[in-house]
Each structure stands twice: as C-alpha cells, then as structure tokens.
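*Asks:* sequence first, then the predicted structure, then my questions.
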Amino acid sequence: MRKFVSGNLNYSSWSIRPLLAVRKADLGIEEEIIPLDFPETTARLKKISPTAKVPLLIWDGIEIWESLAITEFVAEQTEPGLIWPRDTARRAIARAVSSEMHAGFAPIRKACAMDIRGRARAPDMTAELQADIDRLQTMWSGLRETHGQNTDEPGPFLFGAWSAADAFYTPVVTRFRTYGLPLSGAAADYAAAVLDDPLFKTLEEEATAEPWWISYAPEGRSSGYLKPEA
C-alpha cells in the first residue's frame, strides 16, 4: 500500500507541503484526509501513525511521518530535478531555505493561521511579525534575483522551475493573501506565481470544497461541519 495521510487541506500547512511534492512526483500514491480537532481524530491517527500526527506517508510497509523526510523520500523515487533543483548549489540552498521554513517563522505562524479559503483582517503588527515579513520579502526577492533567472530550468519560482522549496513556502504565500499582508516587487510576483500554479489551484479548489471548519481562540481550537454530513 502506498498512501499519503493528511489533515484538512484548508488548514494543515504541515500536510500540504509534502502533499504538493507527492502530487508533483505523480507516483500513484493514494490520498486520505483525516479531519483535525474532532474527538475521534487522535484515536484514528494512533492506529496508523507512530506520532498520532499528520502528515504520514505509508510506502510498502514503511511509515514516514515527517514532512521533510517525506519530501526527500519522494524525491528519491523520481528523476533528478523534479522535486529539488538539478544543480548542486541551487539544490543545497533550496534545502536550506526549506529547513528554515520548517524550523522557523513562529510569529507569522502564530498570528496568521493558514486558512486558504478564508479572508481576515491583518493581525496587530508586532516587531516579531514584521521581522518575519521582512525576512520573507528579502528572501523571496533575493532568491528570484540570484537563482530564479535560471535558463536551464526556467520558471517563475524561487529557483526557476518549481521545487520543494516552493511547496514549503506555499502555506506562507496563502497567509499573505488571507490576511492582506504586504509584499512588493519580485516577492509579490513570486507569490502571485505560486497562487496561479495549477498544482496549487487544484489544491485550493479541494480546500474550498472541504466540509469542515476549525476555529482558533485563546481557549483553544474547535472544529465542526460547514454542512451536515452526507
């Protein structure tokens, strides 16, 4: 069995990063969504996941439960250049910025929960949130200027052609749109390219059609159905 298990596509940023790589690789992997924050969610995940969390890739009896590890595993199953840049230097930098996203940017994660279909007022600006925004603006613009104009692998993404680095930053791009956060120049052009990519467009349609909602409040998270179950 080869299956990718995710949380809600609309809300689970940890899920959609490796999911985009899984879909780009086109390996015929089955997909399953386990909606988050319902009373039965943890019990369902405990049956299949070592951590009782998503994402999870099940591949012929192997369980891979971490987003970067899933992405690297999928990359090994495909031809070079499809998931990571083909060039050694660009590939190393793509991995570095993906790891930076994986481990950092806590202020923007906390202040701006991912909600692909939602639109909300921008949160109160703090020094920490502004620092994240500034770093993303500088990073995206710099990568486009230094590595994006790649004639060997052309495209509008961070390293020219789409790569896993774009998968890892897609949830952040959606946050800029959801909360109306500022971007300019090459960074704004990059965000627009991510939102216009067919890979994301398909995911956006699926996220919009999901029947579940999650609410974030000081007292904790809650969930429910937008409409009765069929």
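*Replies:* That came through, no problem.
*Asks:* show me the shaky parts of this protein.
*Replies:* Scanning the chain with the threshold set as pLDDT under 70 gives 228-230.
*Asks:* please redo it, this time with the cut-off set to 90
*Replies:* Within the chain, the stretches with pLDDT under 90 are 148-153, 216-222, 227-230.
*Asks:* so which residues of the chain form helices?
*Replies:* Assigned by DSSP state H, the chain shows helices spanning 13-25, 41-46, 67-76, 88-103, 106-111, 127-143, 164-179, 185-196, 198-209.
*Asks:* residues of the third one that come out buried?
*Replies:* Neighbour counts over helix 67-76 (16 or more other C-beta atoms under 10 Å) mark 67-68, 70-75 as buried. (Glycine included, C-beta is placed from N, CA and C.)
*Asks:* do the last one as well
*Replies:* Of all the residues in helix 198-209, those buried under the rule 16+ other C-beta under 10 Å are 199-200, 203-204, 207.
*Asks:* tabulate the residues you listed (a markdown table), appending distance to Tyr179.
*Replies:* Shown next, in a markdown table, are the buried residues of helix 198-209 (distance: C-beta to C-beta, whole Å):
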| residue | distance to Tyr179 |
| --- | --- |
| Leu199 | 23 |
| Phe200 | 18 |
| Leu203 | 19 |
| Glu204 | 16 |
| Ala207 | 16 |
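*Asks:* closest to Tyr216 out of the helices of the chain?
*Replies:* helix 106-111 (9.7 Å; C-beta to C-beta).
*Asks:* and the contacts of the closest one?
*Replies:* The contact list for helix 106-111 (C-beta atoms under 8 Å, 6 or more residues apart in numbering) reads 13, 123, 126, 128-129, 131-133, 136, 172, 175.
*Asks:* stretch 113-122 now?
*Replies:* Contacts for stretch 113-122 (C-beta under 8 Å, 6+ apart): 9-13, 171, 174-175, 177-181, 203-204, 207-208, 216.
*Asks:* between the two ends of that stretch, how far is it?
*Replies:* Terminal residues of stretch 113-122 are spaced 11 Å apart (C-alpha to C-alpha, to the nearest Å).
*Asks:* ok, the nearest residue to Pro123 once chain neighbours are set aside - how many residues close by?
*Replies:* Distance criterion C-beta to C-beta, 6 or more residues apart in numbering; nearest residue to Pro123, sequence neighbours excluded, is Ala111 at 4.3 Å. By other C-beta atoms under 10 Å, the residues close to Ala111 number 18.
*Asks:* gap between Ala111 and Glu128?
*Replies:* Between Ala111 and Glu128 the computed distance is 8 Å (C-beta to C-beta, to the nearest Å).
*Asks:* same thing with Ser49?
*Replies:* For Ser49 relative to Glu128 (C-beta to C-beta), the value is 32 Å.
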